[in-house]
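**Student:** Could you work out the structure for the sequence below:
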Amino acid sequence: MPAASPAAVAALQRRIWDGRLPLEIRLAATDCTTYDTSEPYLISLPRLAYLSPLLPRLHAFFRSVLVNPEIPSHEAWLSFDGLPLKWHYPVGLLHDLFSGAQPAGLDDASKMESSAVQHSIHAPPQQDIQTVDDGTLPWRLTLHLSAYPAELIFPLDAEGDVLHDAFVNAVKEADFVRNGTAKAAMSLSKQDASTLWRAVLEHDMGVFNTVNAKLLNPPGVSLRHVPIKVYLPVDSQADIPGVVVEEKEETGEDQQPQRQAGSVRVVQGLVPPVSPSRQVTTLGTALNTLLPTVFPSKRNPVLACPVLHGAVVPMSASLEELGRAASYTDGFLHVVVVLLS
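**Tutor:** You can find the predicted model right below:
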């Protein structure tokens, strides 16, 4: 299969950056002087965005009904069905993991590999890369200003440095996976590093790409591995031989697991863009390598399907092309596993 054209890669990236999620955020009853009668905060947020930059606006919106309005906004936290939401996960990834919403294309997952039209980046599905409205939208979250779950999510600071540092560390990690060294990320000028983060906060794809291109195409360096992380729901958490588990997430002690929100296992490995036999590595090949018990076939989604940016991804898609077009802003492909019933 020929490589995707730059125009095709750019078109898919544009569609991903255009993806948004409607949120309905309510104040927790324990932090509200009027209990559960306060008006919700409604917003359409880019799927690639982080949640913590919203906190000052949420604090200002609910200030008149806060039990303790003197608590600063950076000490607030957000939850879904009792699960604290991690600050360093983009909202689109959080939604794919925990909302229980049906991803776009799930009904056609079993047919996807038999459809030559939808095999790769060259001819993406006609359906926009948006979350399917299956009754789970808007995504309903809860804002809390007490009982911060520091054992589950890291505390923030007033200046936003904590989230920024987490993002920078992820960018460096992705750079190291790609090239075997983080030299490209470490060599960014202070202005470039600041521009990259500002582009993420302002959701400016054009400005983001001017800096990100320096990370994706460092002079004299060939791509060694494609940065990818795979997220398994609670139902698929049997021990998997040969797999490095990056982290395991649990709900609080008093919370019962809810759908996929009870526990998540993050699997990561070094996956080259081309095999030793010079075959292009597909997403199916990568998943079969990392999780052979969950993805026993390299071509067909037998037990589970991969979801990225709210949509099922063809197993035959080139991993390198996905990395260039569909990575999150930290440089990783964050692929969520959805079990097939």
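**Student:** Strands along the stretch 201-341 of the chain, start to end?
**Tutor:** 228-232, 244-250, 263-268, 304-308, 311-312, 333-339 (DSSP state E, counting those that start in this stretch).
**Student:** any idea of the mean pLDDT in the shortest one?
**Tutor:** For strand 311-312, the mean pLDDT works out to 96.
**Student:** How far off centre is it?
**Tutor:** Centroid separation for strand 311-312 versus its chain: 13 Å, with Cα atoms, centre = their mean, to the nearest Å.
**Student:** Name all residues that make contact with Lys214.
**Tutor:** 184, 188, 192 (Cβ atoms under 8 Å, 6 or more residues apart in numbering). To be clear about C-beta, it is placed using only N, CA and C from the backbone, and glycine gets the same treatment.
**Student:** can you rerun that using 10 Å?
**Tutor:** By Cβ atoms under 10 Å, 6 or more residues apart in numbering, the residues touching Lys214 are 184-185, 187-189, 192, 196.
**Student:** ditto for Met186
**Tutor:** So Met186 contacts 172, 175-176, 193 (Cβ under 10 Å, 6+ apart).
**Student:** Now with 7 Å, please.
**Tutor:** Met186 makes contact with Lys172, according to Cβ atoms under 7 Å, 6 or more residues apart in numbering.
**Student:** other SSEs contacting the top helix by length along the chain?
**Tutor:** As assigned by DSSP state H, the longest helix anywhere in the chain is helix 161-179. Where contact means 3 or more Cβ pairs under 7 Å, 6 or more residues apart in numbering; DSSP states H and E, helix 161-179 is packed against helix 183-186, helix 190-202.
**Student:** Give the burial count for the closest residue to Ile16 other than its chain neighbours, as a bare number.
**Tutor:** Leaving aside its sequence neighbours, Ile16 sits nearest to His309 (Cβ to Cβ, 6 or more residues apart in numbering; 5.2 Å). Using other Cβ atoms under 10 Å, His309 has 28 neighbouring residues.
**Student:** Tell me where the model's unsure across this protein.
**Tutor:** 1-2, 35-37, 108-134, 234-262 (pLDDT under 70).
**Student:** those helices in it, which residues are they?
**Tutor:** 6-18, 55-62, 91-98, 161-179, 183-186, 190-202, 205-216, 283-290, 319-326.
**Student:** With respect to Leu42, which of the contacts of Lys214 is nearest?
**Tutor:** Closest to Leu42 out of the contacts of Lys214 is Leu196 (29.5 Å), distances taken as Cβ to Cβ.
**Student:** Next, count neighbours for Tyr148.
**Tutor:** Residues lying near Tyr148 (other Cβ under 10 Å) number 16.
**Student:** Quick check: the gap between it and Pro219.
**Tutor:** From Tyr148 across to Pro219, the span is 45 Å (Cβ to Cβ, to the nearest Å).
**Student:** re earlier: could you export the strands of the stretch 201-341 of the chain as TSV, including distance to Gln279 and mean neighbour count?
**Tutor:** Shown next, in TSV, are these (distance: least, Cβ to Cβ, whole Å; neighbours: other Cβ atoms under 10 Å):
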stretch	distance to Gln279	mean neighbour count
strand 228-232	17	23
strand 244-250	24	13
strand 263-268	22	19
strand 304-308	19	24
strand 311-312	23	22
strand 333-339	19	22
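**Student:** Could you export those strands to a markdown table, including columns for distance to Leu156?
**Tutor:** Shown next, in a markdown table, are these (distance: least, Cβ to Cβ, whole Å):
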| stretch | distance to Leu156 |
| --- | --- |
| strand 228-232 | 22 |
| strand 244-250 | 18 |
| strand 263-268 | 21 |
| strand 304-308 | 27 |
| strand 311-312 | 30 |
| strand 333-339 | 21 |
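**Student:** So for Leu83, which of the ones you listed sits nearest?
**Tutor:** Nearest to Leu83, of all these, is strand 244-250, at 8.5 Å by Cβ to Cβ.
**Student:** Of the helices and strands packed on helix 161-179, which stretch is the most buried?
**Tutor:** helix 183-186 (a mean of 17; mean count of other Cβ atoms under 10 Å).
**Student:** roughly how far out does that one sit from the chain middle?
**Tutor:** 23 Å.
**Student:** Out of the contacts of Lys214, which comes closest to Asp18?
**Tutor:** Minimum distance to Asp18 across the contacts of Lys214 is 19.9 Å, recorded for Leu196 (Cβ to Cβ).
**Student:** on that earlier part again, correct me, but the residue nearest to Ile16 touches Leu93?
**Tutor:** No: between His309 and Leu93 there is no contact, the gap being 8.7 Å when judged by Cβ atoms under 7 Å.
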